[in-house]
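Engineer: any chance you can model this:
(chains A and B)
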Amino acid sequence: MSLAQTDKYYLPQPSLWPIVGSVALLLMAVGGAMTLREVDHGGWVLLAGVTILLFMMFGWFGEVIRDSEAGRYNKQVDSSYRWSMSWFIFSEVMFFAAFFGALFYTRVLSVPWLGEGDTMRQLWPAFQAAWPTAGPGLTADGLRFTPMGAWGIPAINTLLLLSSGVTVTWAHWGLKKNNRRQLVSGLVMTVVLGATFLGLQVYEYHHAYTELGLTLGAGVYGATFFMLTGFHGFHVLVGTTMLLVMLLRSIAGHFTPDHHFAFEAVSWYWHFVDVVWVLLFILVYWMI
Amino acid sequence: MSDAAHAPDAHGHPAPPGGIMRWLTTTNHKDIGSLYLWFALIMLFAAGSMALLIRAELFQPGLQLVRPDFFNQLTTMHGLIMIFGVIMPAFTGFANWQVPLMLGAPDMAFPRMNNWSFWLLPVAAILLMSSFLLPGGAVAGGWTMYPPLFIQGGVSYDLTILAVHIMGLSSIMGSINIITTILNMRAPGIALMKMPLFVWTWLITAYLLIATMPVLAGAVTMLLADRNFGTHFFNAAGGGDPVMFQHIFWFFGHPEVYILILPAFGIVSQIIPTFSRKPLFGYASMVYATASIAILSFTVWAHHMFAVGMPVAAQLFFMLSTMLIAVPTGVKVFNWVATMWKGSLTFETPMLFAIAFVCLFTIGGFSGLVLAVAPVDIQLQDTYYVVAHFHYVLVSGALFSIFAGIYFWLPKWTGHMYDETLGKWHFWLSVVGMNIVFFPMHFLGLAGMPRRIPDYALQFTDFNQIATVGAFVFGFSQLVFLAVVLKAIKGGAKAPARVWEGAEGLEWTVPSPAPYHTFETVPAVK
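Structural biologist: Coordinates of the predicted model:
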């Protein structure tokens, strides 16, 4: 460690960043609601909120990084970060669980129910309950779509993400051996793999909307498909951004072989995103 | 961010900035605890006023004071604010004040994030309350936010969904902070099974919050998408199902019920031993009972949905798992009574509220058991019996425990004893008023009066009038509480470090009022 660590738990001074963050979220919520209801200038309010939020994250995280590099975080603080990151990832697991739960419920329970009984015979007698579906009403109205195949882009993306799990671990080994070159090149590869994944997903969405007729509005298959893969893609974006920050910090000479929890936290997060993708690949793309 | 201009105190800390900036930028667990508690009190009066308006309308059959649509807004907002704006923030305020003091920690694990967890709540409150002024008024679909009603409303529905997201963010960050503090910041010697029971209940509550708030966030995100982005999660025409929302919502909602009561169990478990001058009876069984309740709470959600229709096997499962929760709850009630058994009892205000909690919460627990029986529930669903049930657990349960805790720790926080006479007035007015409001509702519900309706059939008039009178007694007696708190802050008899004769624990070893920074050096624990 660069500086001697104290035994006392580090207590930060009063900070303006949280209240800046609150103002940002207020503007984002108001601007978001205005945009949804098509009130004038809603987009600008939303943009202002997002800008302030990014400013807040930049400032706040910068302060934490400076605290850390100044050696103010002792072993106990490090342990607090480990606990909190684990619990944060657990909360993310539960967030995805809500959407996987919706997928399970519709596929296994509610869509089959729609294909049997008196309600079906009265309302939608022609409906054949099978997955994937746009639902009885939309199908009767003539909505048609092609589901996303598993063995094109999704399979390539699986390969990309699984490889990125390997490269980030390889970078971690480099950090532990104090081999900067291995650390930096491992991170570069991971960021490139993450960014490629995102690019391919954008292409896949474009393909779905323009050629397959697969949209958010394509019944419950479209809804679950885009919400699950969309939130996952957002997490890949966040993860890639965090990896990029780790890369820049590594180039700037941050981290030591035995004091680098920020890096580990990001790699935990990255592996979590990886596992979610494997579940997505199996349950959303493959088993249809 | 600014630290140069202020004179350091005796421990070498710069003094906090003055005025409003102290509260906006604070990273001190005691300041933040006070902020949570004041926020909860203000929201209590806001949502309480809505309840009084509801009761005033229900004083007579027919429509007197408010339009039915506004009545629905009142019931919806009353529920949302009381749950997310009063009970949960108040308990988090207690956790902020007490967990570091009880564990010998210098502060919460993440003081800056602690500040943000609080300051997100006013944002959510602004989004919720301002919707009263918007076209179409506030949300009127019930606090449970069921589709299709919640998909059809105007802009306030979007604002409410976003407010729920922000409150969820606040709860998740607050819970991660609390759980990390408990797991990582205990003074050496405080093993898990030596922690005060209040800390144990909060540890388990924080776990429940982290597990369920994201599920609620997912549910309302699907609502938002169905409203605005053309998805069909809750629309059968697109292959979705409105009942699916209820399943996801109550997967959050039932653990949420225990989020609202487990810290109450913790507070009461601190108070009863103190005024019985005996250690808590069955400490280990209390811990295991709390954990059992938390685990079981994930397996009972569909008992809120018996009337929606489900396979008989599912009805039986949810009915029996719900009844199973009565076992650990019974263990707790038994232990509280056994703690008092042959104790050297005195009846200061905190103890009075704690005893009222044990008696009245048990009534609410029993009516819950009645509602757990699926065939009975199908009769009582959406009647005033349900209203009576959950107000017995939330008012005489959660809220009374909050009053008990405030009276118990106020001398430690302010350095002054509260006015015992006024406290007793507050207690008796509250306990009598509360029972006058909610006890007749059992009869109304059994006789078939539906909830969430501004009008009713003539034969329900008498009990409704009694309830309304009780509501005003109960509501206005809370002004006595406000007076007691203000009086204790301004002055009063000096409180010693060990405020109560029978009080045990680290928080009673620091002076009253507790200094701004405590336990900067690790305390010695036997």
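Engineer: contacts, neighbours, all on C-alpha from now
Structural biologist: Noted.
Engineer: next SSE after the helix or strand in which residue B:364 is found?
Structural biologist: Here residue B:364 sits within helix B:349-372, counting by DSSP states H and E. Moving toward the C-terminus from helix B:349-372, the next helix or strand (DSSP H and E) is helix B:374-380.
Engineer: quick one: residues in contact with that following helix.
Structural biologist: Here helix B:374-380 makes contact (Cα atoms under 8 Å, 6 or more residues apart in numbering or on different chains) with B:303, B:306, B:307, B:315, B:316, B:319, B:370, B:371, B:386, B:445, B:446, B:448.
Engineer: buried residues, that helix. List them.
Structural biologist: By neighbour count with 16 or more other Cα atoms under 10 Å in any protein chain shown, helix B:374-380 contains the buried residues B:374, B:377, B:378, B:380.
Engineer: pLDDT at the first one, what is it?
Structural biologist: pLDDT, residue B:374: 96.
Engineer: now residue A:111: how far from chain B?
Structural biologist: As judged by Cα to the nearest Cα, to the nearest Å, residue A:111 and chain B stand 6 Å apart.
Engineer: correction: residue A:187
Structural biologist: From residue A:187 to chain B the distance is 28 Å (Cα to the nearest Cα).
Engineer: can you count the residues close to that residue?
Structural biologist: Residues near residue A:187, counting by other Cα atoms under 10 Å in any protein chain shown, number 26.
Engineer: okay, now residue B:357: neighbour count?
Structural biologist: Neighbour number of residue B:357 under other Cα under 10 Å is 26.
Engineer: gap between it and chain A?
Structural biologist: 32 Å.
Engineer: contacting residues around that residue?
Structural biologist: Neighbours of residue B:357 in contact, by Cα under 8 Å, 6+ apart: B:268, B:396, B:397, B:400, B:401.
Engineer: let's go with 6 Å and repeat that
Structural biologist: B:396, B:397 (Cα atoms under 6 Å, 6 or more residues apart in numbering or on different chains).
Engineer: let me know the pLDDT of it.
Structural biologist: Residue B:357 is assigned a pLDDT of 98 by the prediction.
Engineer: what does residue B:3 give?
Structural biologist: Residue B:3 carries a pLDDT value of 41.
Engineer: how about residue A:287?
Structural biologist: pLDDT, read off for residue A:287, is 89.
Engineer: what does residue A:59 give?
Structural biologist: Residue-level pLDDT assigned to residue A:59 equals 97.
Engineer: got the residues of chain A near chain B?
Structural biologist: Proximity of chain A to chain B, by Cα under 6 Å from any Cα of the partner chain, involves residues A:14-16, A:18, A:22, A:26, A:80, A:83-84, A:91, A:94-95, A:98, A:111, A:134-138, A:216-217, A:219-220, A:223.
Engineer: show only the entries of those residues found in strands.
Structural biologist: Among the residues of chain A next to chain B, no member is found in strands (DSSP state E).
Engineer: what segments of the stretch 1-150 of chain A are strands?
Structural biologist: Here the stretch 1-150 of chain A has no strands by DSSP state E, counting those that start in this stretch.
Engineer: and what of the stretch 201-350 of chain B?
Structural biologist: Using DSSP E, counting those that start in this stretch, strands in the stretch 201-350 of chain B do not occur.
Engineer: low-confidence ranges, it, go.
Structural biologist: Of all residues in the stretch 201-350 of chain B, none has pLDDT under 70.
Engineer: that older thread, please save the CA atoms from the helix holding residue B:364 in PDB.
Structural biologist: The C-alpha trace of helix B:349-372 is given here as PDB (Å, rounded to 0.1, in the frame of the first residue of the first chain):
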ATOM      1  CA  THR B 349     -44.900   5.100  28.800                       C
ATOM      2  CA  PRO B 350     -42.600   3.000  26.600                       C
ATOM      3  CA  MET B 351     -43.700  -0.100  28.600                       C
ATOM      4  CA  LEU B 352     -47.400   0.800  28.300                       C
ATOM      5  CA  PHE B 353     -47.000   1.000  24.500                       C
ATOM      6  CA  ALA B 354     -45.100  -2.200  24.500                       C
ATOM      7  CA  ILE B 355     -47.700  -4.100  26.500                       C
ATOM      8  CA  ALA B 356     -50.500  -2.600  24.300                       C
ATOM      9  CA  PHE B 357     -48.400  -3.800  21.300                       C
ATOM     10  CA  VAL B 358     -48.300  -7.400  22.600                       C
ATOM     11  CA  CYS B 359     -52.100  -7.500  23.300                       C
ATOM     12  CA  LEU B 360     -53.400  -5.600  20.300                       C
ATOM     13  CA  PHE B 361     -50.900  -7.000  17.800                       C
ATOM     14  CA  THR B 362     -52.000 -10.500  18.900                       C
ATOM     15  CA  ILE B 363     -55.600  -9.500  18.000                       C
ATOM     16  CA  GLY B 364     -54.400  -8.500  14.600                       C
ATOM     17  CA  GLY B 365     -52.500 -11.800  14.300                       C
ATOM     18  CA  PHE B 366     -55.600 -13.800  15.200                       C
ATOM     19  CA  SER B 367     -57.700 -12.000  12.600                       C
ATOM     20  CA  GLY B 368     -55.000 -12.800  10.200                       C
ATOM     21  CA  LEU B 369     -55.300 -16.400  11.000                       C
ATOM     22  CA  VAL B 370     -59.000 -16.200  10.400                       C
ATOM     23  CA  LEU B 371     -58.400 -14.600   7.000                       C
ATOM     24  CA  ALA B 372     -55.800 -17.300   6.200                       C
END
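Engineer: thinking again about what came up before, which of the contacts of helix B:374-380 are close to chain A?
Structural biologist: Counting by Cα under 6 Å from any Cα, no member of these is near chain A.
Engineer: and the residues you listed, which is closest to chain A?
Structural biologist: Closest approach to chain A among the contacts of helix B:374-380 (Cα to the nearest Cα): residue B:315, at 16.1 Å.
Engineer: can I get stretch A:201-213 as CSV, trimmed to CA atoms?
Structural biologist: Extracted in CSV, the C-alpha atoms of stretch A:201-213 (Å, rounded to 0.1, in the frame of the first residue of the first chain):
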residue,chain,number,x,y,z
GLN,A,201,-27.2,-6.7,-29.8
VAL,A,202,-28.1,-3.4,-31.4
TYR,A,203,-27.8,-5.1,-34.8
GLU,A,204,-30.0,-7.9,-33.6
TYR,A,205,-32.7,-5.5,-32.3
HIS,A,206,-32.7,-3.6,-35.6
HIS,A,207,-33.1,-7.0,-37.4
ALA,A,208,-36.0,-7.9,-35.1
TYR,A,209,-37.8,-4.7,-35.6
THR,A,210,-37.3,-4.2,-39.3
GLU,A,211,-37.3,-7.8,-40.6
LEU,A,212,-38.9,-10.2,-38.1
GLY,A,213,-41.8,-8.1,-37.0
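Engineer: chain center to that stretch, what's the gap?
Structural biologist: Mean C-alpha position of stretch A:201-213 versus that of the full chain (Cα atoms, centre = their mean, to the nearest Å) differs by 20 Å.
Engineer: show me which residues of chain B are close to chain A?
Structural biologist: So chain B meets chain A at B:1, B:25-27, B:116, B:120, B:123, B:176, B:180, B:210-211, B:214-215, B:218, B:230-233, B:237-240 (Cα under 6 Å from any Cα).
Engineer: which of the residues you listed are buried?
Structural biologist: Buried among those by 16+ other Cα under 10 Å: B:25-27, B:116, B:120, B:123, B:176, B:180, B:210-211, B:214-215, B:218, B:230-233, B:237-240.
Engineer: quick one: mean pLDDT over stretch B:429-445.
Structural biologist: Here the average pLDDT along stretch B:429-445 is 98.
Engineer: I meant stretch A:205-224, not that one.
Structural biologist: 96.
Engineer: again with stretch A:71-86
Structural biologist: Mean per-residue pLDDT for stretch A:71-86: 94.
Engineer: stretch B:386-404 too?
Structural biologist: Rounded mean pLDDT across stretch B:386-404 is 98.
Engineer: same check, this time on stretch B:26-45
Structural biologist: 98.
Engineer: can you check stretch B:496-514 too?
Structural biologist: Mean predicted lDDT for stretch B:496-514 stands at 95.
Engineer: in that stretch, what's buried?
Structural biologist: So, applying 16+ other Cα under 10 Å, buried residues of stretch B:496-514: B:496-500, B:502-504, B:506-514.
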